[in-house]
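> Quick one, what's the 3D model for this:
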Amino acid sequence: MSGSGPYWLVPGVPGKNPVSTNAQIPPMKGTKPMKIHQPDLSRSCHRLMLMTRPGQIKVPNRLDQGDSHSVRLCQRILFVGSVGNSRGRTIMDYGDGTLSVWAGEQVPMWERSTQVPIVQSVSFGYRDIDEWISVALGETPGHIYSRNTNPTVAVFEQRIAALERAEAATSFATGMAAISGTLHTLLGPGSRVVSVKDTYGGTTKLFLEFLPSIGVEVALVDTDDHEAIESSIAEGCDVLYLETPTNPTLKILDLERLAAAGHAVGAIVVVDNTFATPINHRPLSLGADLVLHSATKFLGGHADALGGIVCGRSDLVGRIYHYREINGATMDPFAAYLLLRSVKTLHLRVERQNASALAIARHLEGHPAIEAVFYPGLESHPNHDVAARQMKGFGGVLSFSIRGGFDAVRAVLPRLELAHLAANLGAVETIVGPPATTSHVEMSAKEREEMGIPESLVRYSTGIEDLADLIADLDQALEVVDQ
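Next comes the predicted model:
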C-alpha cells in the first residue's frame with residue numbers, strides 16, 4: 001500500500017516550508033492538472049486546499065494566526081470528498097452503509113488485496129534522498145514514521161471523517177487521549193471552557209483536576225438547564241464542550257441551540273458523539289466544529305481494540321494532529337485494522353441495537369422492580385422531542401434504576417446470563433454495569449450523587465442478541481428484587 005494511498009494530501013508543511021506560489025495539485029483520474037496561485041502567508045500559515053469535486057478546488061477562508069504550534073497545521077490531513085469517479089460522484093454522495101464499507105478504499109491496494117493491509121512498520125524507507133526530503137517536508141504524499149502517520153491508520157481516519165461528513169480527521173490511541181488531546185490543544189492558561197455536569201467520568205476529571213491545574217477556568221452547568229448553559233457561555237467561552245446523549249443518564253442537549261450560543265461569542269464547539277455514532281447523529285450538521293469518539297465503543301463494536309478519533313474543521317484538526325504527533329498518543333496500525341473491519345458492519349449493528357434498546361426500555365418502564373428508565377427514545381424522556389429532531393436513532397445504551405438501591409444492583413447483575421459485567425459499551429455482546437465501576441469509577445459516591453447519578457443506576461449496553469432472549473434474561477434476574 002503506497003504512501004499516496006486513497007486520499008489527497010496537502011502539499012507543503014506549515015512551519016517547515018512555505019507552499020510554493022504556484023502549487024501543483026496532482027490530478028485525479030479523469031481530471032486535468034490544475035495550478036493554484038498560493039500567496040505567501042505570514043508566520044508559515046497557509047490555506048488548506050480541499051478537493052471537493054473532481055476538477056474543483058476549495059480554499060477555506062480560515063487562517064489560524066495564533067502561536068507557532070497553532071499555525072503548524074498537520075502534514076497529512078485527510079480530506080473527505082476528494083475521491084471521485086467517471087460520473088462525477090464523490091464519496092460524500094453515498095449513504096452511511098456504503099461509506100461504512102468503502103470509504104478510504106477507492107483505489108487498488110498493496111498486491112491487489114481487497115482488504116486494507118496492516119502496515120506494521122515503524123518507519124518508511126526511501127532510496128532517493130531528494131524524494132525522502134520531499135515527503136518529510138510535505139511536498140510529496142507519503143509516510144515517514146508511524147508516530148506521525150501510517151497507511152492503515154490513515155484509511156480509518158478517512159472512513160470516520162466520511163461518516164461524520166467532516167473535512168478532516170486525526171486518530172488517537174484511546175478515546176480519552178482524543179478528548180484530552182483536543183482540550184489541551186484548544187485551551188491554555190486564561191482560557192475558559194463551558195460544559196455540563198453530566199459528561200463521562202474521565203472527562204469530568206479533566207475538568208475538575210487537570211485543566212484547572214494549568215490555569216484553565218472551567219464552568220460546569222446543570223445539563224437540564226439550557227438557559228443556564230447559554231448564560232454561562234455569554235460570560236465568556238473559548239471552548240464549549242458537549243456530550244449527548246450523556247453517559248450514563250442519557251440526557252439530551254439541543255446542539256443547534258447551544259452551538260449557536262457558542263459561536264456568538266467565538267467559541268469552538270466540541271461534541272462527544274460516542275453514544276450516538278454517526279449513524280444516529282451528526283453534530284457537525286448541527287453547528288459543531290469538532291466531533292470526537294471513543295472508537296473503542298460502537299465504532300469498534302467487538303471489544304478488542306482501543307482507539308479515539310477527532311473529526312471536523314481542517315484547521316482545528318491540524319492543530320490537534322500536531323499536539324498528538326508530538327505528545328505521542330498514536331493509534332496502533334493493528335488497532336486501526338480491527339476498527340476498519342468493525343466499521344464495515346457499524347450501520348447494521350447500530351440499527352439492531354437501536355431497535356433492541358428501545359424495546360427493552362419500554363419493557364422495563366412498566367416493570368415493578370424498576371424505579372426509572374432513562375432512554376431518549378421513550379416519549380416520557382424530558383428531551384424526547386429534541387432527540388427525535390436531531391437524531392435518526394436513539395442509540396444502543398439505556399440506563400435504569402433498580403428498587404432497593406445498590407444492594408439490589410449487587411443482587412441482580414450477577415444473575416444476568418446474557419451480559420458481560422464489564423467497563424465497556426457498544427459491543428456486539430450486551431454489557432452491563434453500575435456507574436461506580438464503569439463510567440464514573442473515578443468519582444466518589446458523593447460526587448456521583450452531586451451529579452445526579454444514583455447508586456441504584458445500571459447502564460445497559462444492548463448487544464445484537466435476540467431481543468426476546470435479552471428481555472427474558474432481564475426478567476429472571478429482576479425476580480430477586482423485593483417488589
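> Need the per-residue pLDDT for Asp93.
At Asp93, the model reports a pLDDT of 84.
> separation between it and Ala103?
Applying C-beta to C-beta, to the nearest Å, the value for Asp93 to Ala103 is 12 Å. Heads up, the C-betas are built off the backbone N, CA and C, glycines and all.
> Which of those two has more residues huddled nearby?
For Asp93 versus Ala103, neighbours defined as other C-beta atoms under 10 Å are more numerous around Ala103 (25 against 14).
> Report the secondary structure state of the residue nearest to the more buried one when sequence neighbours are not counted.
Nearest non-adjacent residue to Ala103, counting by C-beta to C-beta, 6 or more residues apart in numbering: Ala162, 3.8 Å away. Recorded secondary structure, Ala162: helix (DSSP: H, G, I helix; E, B strand; the rest coil).
> which stretches of the stretch 351-483 of the chain form strands?
Using DSSP state E, counting those that start in this stretch, the strands of the stretch 351-483 of the chain run over residues 370-374, 397-402, 420-421, 431-433, 457-461.
> tilt between the top helix by length along the chain and strand 457-461?
What stands out as the longest helix in the chain, according to DSSP state H, is helix 346-365. Using axes from the mean of the first three to the mean of the last three C-alpha atoms, to 10 degrees, the direction of helix 346-365 lies 150 degrees away from that of strand 457-461.
> Report the angle between helix 346-365 and strand 397-402.
Computed by the same axes, to 10 degrees, the angle between helix 346-365 and strand 397-402 is 20 degrees.
> Output helix 346-365 as PDB, nothing but the C-alphas.
Extracted C-alpha coordinates of helix 346-365, given in PDB (Å, rounded to 0.1, in the frame of the first residue of the first chain):
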ATOM      1  CA  LEU A 346     -21.500  -0.400  12.000                       C
ATOM      2  CA  HIS A 347     -24.700   0.600  10.300                       C
ATOM      3  CA  LEU A 348     -26.100  -3.000  10.700                       C
ATOM      4  CA  ARG A 349     -25.100  -3.300  14.400                       C
ATOM      5  CA  VAL A 350     -26.400   0.100  15.300                       C
ATOM      6  CA  GLU A 351     -29.800  -0.400  13.700                       C
ATOM      7  CA  ARG A 352     -30.200  -3.600  15.600                       C
ATOM      8  CA  GLN A 353     -29.000  -2.100  18.900                       C
ATOM      9  CA  ASN A 354     -31.300   0.900  18.400                       C
ATOM     10  CA  ALA A 355     -34.400  -1.300  18.000                       C
ATOM     11  CA  SER A 356     -33.500  -3.600  20.900                       C
ATOM     12  CA  ALA A 357     -32.700  -0.800  23.300                       C
ATOM     13  CA  LEU A 358     -36.000   0.900  22.600                       C
ATOM     14  CA  ALA A 359     -38.000  -2.300  23.100                       C
ATOM     15  CA  ILE A 360     -36.100  -3.100  26.300                       C
ATOM     16  CA  ALA A 361     -36.600   0.500  27.600                       C
ATOM     17  CA  ARG A 362     -40.300   0.200  27.000                       C
ATOM     18  CA  HIS A 363     -40.500  -3.200  28.700                       C
ATOM     19  CA  LEU A 364     -38.600  -2.000  31.800                       C
ATOM     20  CA  GLU A 365     -40.600   1.200  32.100                       C
END
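> Residues contacting it, please?
Helix 346-365 has contacts (C-beta atoms under 8 Å, 6 or more residues apart in numbering) with 96-97, 100, 163, 277, 279-280, 298-299, 301, 370, 373, 375, 377-378, 380, 393-398, 400, 428, 460, 462-465, 467, 470-471, 474.
> in that helix, what counts as buried?
346-347, 349-365 (16 or more other C-beta atoms under 10 Å).
> ok now that helix, how far from the chain's centre?
Helix 346-365 sits 21 Å away from the centroid of its parent chain (C-alpha atoms, centre = their mean, to the nearest Å).
> Serialize the strands of the stretch 351-483 of the chain to a markdown table and add fields for mean neighbour count and distance to Ile144.
Conversion of these to a markdown table gives the following (neighbours: other C-beta atoms under 10 Å; distance: least, C-beta to C-beta, whole Å):
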| stretch | mean neighbour count | distance to Ile144 |
| --- | --- | --- |
| strand 370-374 | 19 | 47 |
| strand 397-402 | 25 | 40 |
| strand 420-421 | 14 | 40 |
| strand 431-433 | 23 | 39 |
| strand 457-461 | 25 | 39 |
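> Dump those strands into a markdown table; add mean pLDDT and distance to Arg313 as well.
Below are the strands of the stretch 351-483 of the chain laid out as a markdown table (pLDDT from 0 to 100; distance: least, C-beta to C-beta, whole Å):
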| stretch | mean pLDDT | distance to Arg313 |
| --- | --- | --- |
| strand 370-374 | 96 | 32 |
| strand 397-402 | 96 | 28 |
| strand 420-421 | 97 | 37 |
| strand 431-433 | 96 | 33 |
| strand 457-461 | 95 | 31 |
